[in-house]
Every structure is written in C-alpha cells, then in structure tokens.
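Enquirer: I would like to see how this sequence folds:
(one chain, ligands or ions: 2)
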Amino acid sequence: MAERVRIIEGTWRCTSCETKDIPASKLSCPSCNNPREESGKESEFDFGARTASGGLARGSVADEKGLERAAQGPDWYCAYCGSANPGGLEACRSCHAKRAEGKQGQASELPPPAAPVAPPAAVKRRRWPYVVLGLLGTCGGFGVWATRTHELRARRVESSWERTSRLEQFTATTKQGWRDQLTEAAPVMPVDGAGERAGVTNVRACANAQRGTRQVPDGTQRVCHTRTKQEVCGHEEKCSVQQLGNGYAKETCRDVPRYCSKSYEECRDEPRYRTEPVYALRCSYDTFEWRPLDTLKTQGADDAPSWPARGALDGPQREVREERYRVVYEYPDGKSPKRWTKEPASEAEFVQWRAAHEVVLTVNNLGSVTQGALP
Ligand SMILES: [Zn+2]
Ligand SMILES: [Zn+2]
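Expert: Ligands and ions are numbered 1, 2, ... in the order given. Below you'll find the predicted structure:
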C-alpha cells in the first residue's frame, strides 16, 4: 500500500515577549530577537488542528531550505546560553560554545487525536471486570467470615416425647392398571402383621385409554437466522505524525481497508415433529392394600416414654409405630437468649440428651448452630 509522506512546519511562542505563532524556520524571535530555548516550553511546537484520519490540517513545506532543515535531525540545546541549535551545527550559534556539552533534543510520536466516538461507553465496559472482581472478593471474604465458628454452652430448658400407634387392616380393593404391567398372582394374607402380598386377580374390563404422547417425524421445516459478518467496504486513510525534534513534523498516511458489518440470512432444513397420543389397554383388577383403622397417641415430658396400649392383632392386621423426641436448649446471644432443638432418633439417645443439663454448641458468625455435642 502506497504511503504518502509530508513535512509540516510547526510554530513556537517566545516567552520573553509573548509573540505567538513564530514559524520553526525562525531560530530567534522576530520581535525581540531572543533565541529559542528549551525552557518555558519554547521548543514544544504547535502543529495545528488534526484531521479525521489522524493527520495534520496544515499545509506542507515546499521550499528546499525548510525540507533541508527538517532533515537535519533533532536540535541540541547549548549548555551555556540555552539556545536551540540545528543538528548540523557543531558550535552554538549564539555563544559559540561547543556542542559536546549541550543537551541533545529528541524526535517523538505525536499522540493520535482523541477518538470521535463517545468515550464513556468504553470506560463503562472497562469497569465491569473490576466490579465483578470486587463482588467476588467481598463474597469470598464474607463466606470465610460467616463460616468461622466458636463454641458456647447451652442449658436444657425443655424436653418432650410423642409416640403413635396406627392399626392397619389388609383390605380387599379394586384398582386400575395398564394391562402389560399386570401379572396375575394370588394374594397372601399377613401372619402377625408381616409376610403379606397384595396380589393381582380377576383382570377384567380392559379398554383403550391414552397413556401418553410421542413425537413423530413430520417432514422438515426451513429455519432462518439473521447473522452479521464483517466485510471490507472500501478504504480509509490512516495517518501518523512524528515530531522531528526541530520544529518540523513528518506525516505518514496510508490507505487501510474499512470494515462494515453486513447482515445475512442463514437458513437450513430442520426435522419437524408432531405430537401423537399413545393408547394402551387399561384394566380393573382385584388386590389388597393396608388401610388405617385407628391411631392411638401417648406423649409426655420428663417421664419414661411408653407405647399406647393395644390388644392382640385380630386377623390380617398390623401395628405401625412412630416416635418423636425433642430436647430444647437455651444459649445466650446478645440481649435475648436463643434456642436450639435436638431431635434424638431413639429412646436411648433421648434419655442421654435429656439427662445432660448443659451441652456444647458450635455456632458460626451468622448465629447458626452447626453442631451440638454432649459434654
Ligand atoms: Zn520575543
Ligand atoms: Zn550558547
């Protein structure tokens, strides 16, 4: 790609008499004759407005002398009088001091002009990762703090037990089921409340019923999505500007491809399905099931747990027993005390916990009890 190079002359400002816009070709102020120096930003040149492509709006240097001056490299500054001197000179043009002791100036890139796009959007996007990191950090720290635990002692304040006895009878009944899931089998009656089998007998009155649905292939359908892609759509000029360190700048411009987003349709044939009902034979049959006859309950606090009194099982019956135990402990937490409840699984465990007047609780920083132990 072809490059286009131009030399542009900058301007400077005299700090002795405040004259502005002095061309770089003038090494001394045309008003007060003071030589240009490094101090007071006298040698920081102005190159005028920038173009959209990053170049300079100012016209090119056309004369031989100016181009020659630009090609001499950066200026140097006299160690004695501070004057700026062209790269080609070996002694100061103001005081004739030797170049060797002077300070060498430098060429530098002129930063590109501020982008015309709104910068707040870019700034916002940038902040996201930090916000997320911050949140993660906070959550992590909170998690560590919350799971820290300490131990404290709790006092027993209450205990209770509750026992239920449900009497059930193995009773004849009629049910419905899918034909292919029914296997004829004779029922077996329980002996002392155990060893029974429900059985399946007298399968009858079978009829078609909807059991569910299934997906059936039904041709294809065309599905389209709108997508976008980046495409070269012409060229644009991009320029960079190098300050040569002597009041002149070198502008280099080249053409680079410009990209545009283009939307297009992407289509393909996808299989299509329809929903169909599925039928199967549903039948009635005879069987047995446990049905509750009555429920008896006993409860207490500090006494010994006991089961509700029942007579002997009468025929195809069984007794189903359930037991629940609770011991409540109280521990200090700020102004008002808090309670923690232990639910022992068995009577033996219940008796053990109820006997303990004090237990040791492990509490995390959120105030939740994570563990309770007998002393
Ligand atoms: Zn001046
Ligand atoms: Zn000098």
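
Enquirer: Quick check: closest non-adjacent residue to Ser25.
Expert: Closest residue in space to Ser25, ignoring its immediate chain neighbours: Gly66 at 5.9 Å, by CB to CB, 6 or more residues apart in numbering. Using the backbone N, CA and C atoms, a C-beta is placed for each residue, glycine as well.

Enquirer: er, Val188 I mean
Expert: Arg197 is the one closest to Val188 (CB to CB, 6+ apart), at 4.0 Å.

Enquirer: Can you give me the neighbour number for Val144?
Expert: With neighbours defined by other CB atoms under 10 Å, the count for Val144 comes to 10.

Enquirer: name the element Leu67 belongs to?
Expert: helix 64-70 (DSSP states H and E).

Enquirer: Which residue does the stretch 51-200 of the chain have closest to ligand 1?
Expert: Using CB to the ion, the single residue of the stretch 51-200 of the chain nearest to ligand 1 is Ser83, 13.3 Å away.

Enquirer: what's the answer for the stretch 151-300 of the chain, then?
Expert: Counting by CB to the ion, the stretch 151-300 of the chain gets nearest to ligand 1 through Gly247 (15.7 Å).

Enquirer: what's the closest non-adjacent residue to that residue?
Expert: With CB to CB, 6+ apart, the residue lying closest to Gly247 is Ala24, at 2.5 Å.

Enquirer: For that neighbour, list the residues it contacts.
Expert: Glu9, Gly10, Thr11, Trp12, Phe45, Arg69, Asn246, Gly247, Tyr248 (CB atoms under 8 Å, 6 or more residues apart in numbering).

Enquirer: Please point out which parts of the helix holding Leu67 sit buried.
Expert: Gly66, Arg69, Ala70 (16 or more other CB atoms under 10 Å).

Enquirer: In its sheet, which strands sit next to the longest strand seen in the chain, and in what direction?
Expert: Among the segments of the chain that qualify as a strand by DSSP state E, the longest is strand 248-300. Here strand 248-300 is paired, per DSSP bridges, with strand 3-9 (antiparallel), strand 149-178 (antiparallel), strand 201-243 (antiparallel).

Enquirer: In a markdown table: those, plus distance to ligand 1, mean pLDDT and mean neighbour count.
Expert: Output for the strands paired with strand 248-300, formatted as a markdown table (distance: least, CB to the ion, whole Å; pLDDT from 0 to 100; neighbours: other CB atoms under 10 Å):
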| stretch | distance to ligand 1 | mean pLDDT | mean neighbour count |
| --- | --- | --- | --- |
| strand 3-9 | 18 | 95 | 16 |
| strand 149-178 | 79 | 93 | 15 |
| strand 201-243 | 22 | 95 | 12 |
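
Enquirer: Make a markdown table out of those and add distance to ligand 2.
Expert: Formatted as a markdown table, these follow (distance: least, CB to the ion, whole Å):
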| stretch | distance to ligand 2 |
| --- | --- |
| strand 3-9 | 24 |
| strand 149-178 | 78 |
| strand 201-243 | 23 |
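
Enquirer: near ligand 1, which residues of this structure show up?
Expert: Neighbours of ligand 1 within the chain, by CB under 5 Å from the ion: Cys14, Ser16, Cys17, Thr19, Cys29, Ser31, Cys32, Asn34.

Enquirer: who wins for neighbours among those residues?
Expert: Cys14 (22 neighbours).

Enquirer: A helix includes it, no?
Expert: No: in this structure, Cys14 is coil, not part of a helix, as judged by DSSP: H, G, I helix; E, B strand; the rest coil.

Enquirer: tell me the contacts of it?
Expert: Neighbour list for Cys14: Lys20, Ile22, Cys29, Ser31, Cys32, Asn34, Arg36, Glu42 [criterion: CB under 8 Å, 6+ apart].

Enquirer: Run through the helices of the stretch 51-200 of the chain in chain order.
Expert: 64-70, 119-147 (DSSP state H, counting those that start in this stretch).

Enquirer: what's the first one in contact with?
Expert: Contacts of helix 64-70 with the rest of the structure, by CB under 8 Å, 6+ apart, involve Ile7, Glu9, Ala24, Ser25, Val61, Pro86, Leu244, Asn246, Gly247, Tyr248, Lys250.

Enquirer: which of those are buried?
Expert: Buried among these (16+ other CB under 10 Å): Ile7, Glu9, Ala24, Val61, Pro86, Leu244, Asn246, Gly247, Tyr248, Lys250.

Enquirer: re the thing from before, of all the contacts of Ala24, which comes closest to ligand 2?
Expert: Nearest member of the contacts of Ala24 to ligand 2, counting by CB to the ion, is Asn246, at 16.8 Å.

Enquirer: Three-state assignment for the closest one, please.
Expert: Going by three-state DSSP: Asn246 is coil.

Enquirer: The residue lying closest to it once chain neighbours are set aside and Gly245, how far apart?
Expert: Nearest in space to Asn246, with sequence neighbours left out and distances taken as CB to CB, 6+ apart, is Asp75 at 4.9 Å. Counting by CB to CB, to the nearest Å, the gap from Asp75 to Gly245 is 6 Å.

Enquirer: Measure how buried the residue nearest to Val188 is and give me the count.
Expert: Arg197, neighbours per other CB under 10 Å, totals 14.

Enquirer: is it true that it touches Pro190?
Expert: No: counting by CB atoms under 8 Å, Arg197 sits too far from Pro190 to count as a contact (9.1 Å).

Enquirer: ok, the closest residue to Ala97 other than its chain neighbours - contacts?
Expert: Leaving aside its sequence neighbours, Ala97 sits nearest to Tyr80 (CB to CB, 6+ apart; 4.4 Å). Residues in contact with Tyr80 (CB under 8 Å, 6+ apart) are Cys92, Cys95, Ala97, Glu101.

Enquirer: which residues are contacting stretch 162-170?
Expert: 189-190, 196, 288-299, 305-308, 310, 315-325.

Enquirer: scratch that, stretch 203-215
Expert: By CB under 8 Å, 6+ apart, stretch 203-215 touches 178-179, 182, 184, 273-285.
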